[in-house]
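**Student:** Give me a model of this one.
(2 chains)
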Amino acid sequence: MTERKPPTLATCLLKWLGVSDANEPLVGDLTEEFQNGRSAAWYWRQTLSALRRYLGPHSVGALIGWAAQLAVVLTMRHYNPQSSWVALPVGAAILILLSPPLGRFTKRAAPRLRLRAVALDDFAYYLANYLMIASFLPMKVTTVLYCEVLWFIARQLALVFSCRPRHIAN
Amino acid sequence: MARGSSLGEFELMVLLALIRLEDEAYGVPIAREIEQCAGREAALGSVYAALERLESKGLVSSRLGDPTAERGGRAKRFFKVTDQGLTEARATQRALTSLWNGIPGLREQMS
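**Tutor:** Down below sits the predicted model:
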């Protein structure tokens, strides 16, 4: 039997954006059904449905988290007007790229222990933020810390009000 | 219905499909069972989301199987109804039957 290849982009979206433990088995199920004759349109429908299902409940938290980050970056710019505006899109791109794998790593590292997972996630998240800030917005350490505290509070509020699991709300 | 827990419509359908399949089952047969019995398409993502909720309530348990080539080297996740899940299903059945019996007019219309 000739093996058919499922739509690559749909599979990448599932693997990249999927934040659930069920992600790999779900992709496997979709692949199995596709090999058994389901169409590419069916595969895409299932993918979009799964993404909506998993990401939908977290979208409000994600938006709040992003708004908080934007506010903090603008605050930092206020403190350091010489900094480059390039930092904003570059920093956002870095966070977008880093967040899903960091979230998946922390979820795998402590799948059953929420507190440990959250602590690990927060550590990885703030390490990434710090690297971004240190790279693109050179300023006094105390100011960075001040902004990080603001950032932390905003993010935790966003998480408390909207998100489970925590690691995709940024 | 058991105190402290409530099953949504789709969760109940997934739980019943799992009970009907008897042995351990994974996403594809569960979705097919729902499609056959309920006559509506069940998205695999929705099935997994419901299974995760059921697992968090302690009504089903799961384990990962071995990866297979047909699935692009990905493992199946097998689900099984727990004793608590069976108890919850029976309690839900009793509650729904009791409510249903209280609507004689609708019963006559249906028959």
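**Student:** Next, the buried residues of the longest helix that chain B contains.
**Tutor:** What stands out as the longest helix in chain B, according to DSSP state H, is helix B:83-101. Neighbour-count burial for helix B:83-101 flags B:85, B:88-89, B:92 (criterion: 16 or more other C-beta atoms under 10 Å in any protein chain shown). All C-beta atoms are positioned from the backbone trio N, CA, C, and that covers glycine.
**Student:** same question, stretch A:5-17
**Tutor:** For stretch A:5-17, by 16+ other C-beta under 10 Å, it's A:6, A:10-11, A:13-14.
**Student:** which two of the residues you listed lie the greatest distance from each other?
**Tutor:** A:P6 and A:L13 (11.6 Å; C-beta to C-beta).
**Student:** Settle this for me: A:P6 is touching A:T31, isn't it.
**Tutor:** Yes: at 5.6 Å, A:P6 counts as touching A:T31 under the criterion of C-beta atoms under 8 Å.
**Student:** what do those two both touch?
**Tutor:** B:G72 (C-beta atoms under 8 Å, 6 or more residues apart in numbering or on different chains).
**Student:** Flag every residue of chain A that's near chain B.
**Tutor:** A:6, A:20-22, A:24-33, A:35, A:45-47, A:49-54 (C-beta under 8 Å from any C-beta of the partner chain).
**Student:** just the buried members of these?
**Tutor:** A:6, A:20-22, A:24-33, A:35, A:46-47, A:49-51, A:53-54.
**Student:** re the thing from before, just checking, which of the residues of chain A next to chain B belong to helices?
**Tutor:** Reading helices off those with DSSP H, I get A:24-33, A:35, A:45-47, A:49-54.
**Student:** What parts of chain B come near chain A?
**Tutor:** B:26-28, B:43-46, B:48-49, B:51-52, B:64, B:67-68, B:70-72, B:74-77.
**Student:** Buried subset of those, written for PyMOL?
**Tutor:** Filtering the residues of chain B next to chain A down to the buried ones (16+ other C-beta under 10 Å) takes a single PyMOL command:
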select buried, chain B and resi 26+27+28+43+44+45+46+48+49+51+52+71+72+74+75+76+77
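**Student:** Of the residues of chain B next to chain A, which belong to strands?
**Tutor:** With DSSP state E as the criterion, strands contain B:64, B:67-68, B:74-77 from among the residues of chain B next to chain A.
**Student:** Reformat those as TSV; add pLDDT and distance to B:E11.
**Tutor:** Listed next are these as TSV, based on pLDDT from 0 to 100; distance: C-beta to C-beta, whole Å:
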residue	pLDDT	distance to B:E11
B:L64	88	22
B:P67	84	28
B:T68	83	28
B:R74	86	25
B:A75	88	24
B:K76	90	21
B:R77	91	17
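**Student:** Find the closest residue to chain B in chain A.
**Tutor:** Residue of chain A nearest chain B, by C-beta to the nearest C-beta: A:A50 (2.7 Å).
**Student:** what's the pLDDT at the closest residue to that residue other than its chain neighbours?
**Tutor:** Leaving aside its sequence neighbours, A:A50 sits nearest to B:G45 (C-beta to C-beta, 6 or more residues apart in numbering or on different chains; 2.7 Å). Looking at B:G45, its pLDDT stands at 87.
**Student:** Equivalent analysis for B:R53, please.
**Tutor:** 87.
**Student:** List the contacts of it.
**Tutor:** B:8, B:11.
**Student:** ok, residues contacting stretch A:43-51?
**Tutor:** Contacts for stretch A:43-51 (C-beta under 8 Å, 6+ apart): A:6-7, A:10-11, A:13-14, A:17-18, A:26, A:30, A:33-34, B:43-46, B:48.
**Student:** avg pLDDT for it?
**Tutor:** On average, stretch A:43-51 scores 88.
**Student:** Number of residues surrounding the closest residue to B:R20 other than its chain neighbours?
**Tutor:** Counting by C-beta to C-beta, 6+ apart, B:R20 lies nearest to B:E33, which is 5.9 Å off, once chain neighbours are set aside. Counted with other C-beta atoms under 10 Å in any protein chain shown, the neighbours of B:E33 add up to 21.
**Student:** ok, now how distant is B:E33 from B:G8?
**Tutor:** Distance of B:E33 to B:G8, given as C-beta to C-beta, to the nearest Å: 17 Å.
**Student:** Count the residues that sit near residue 36.
**Tutor:** You didn't say which chain, so I picked chain A. Neighbours of A:N36 (other C-beta under 10 Å): 10.
**Student:** I was after chain B.
**Tutor:** For B:Q36, using other C-beta under 10 Å, the count is 10.
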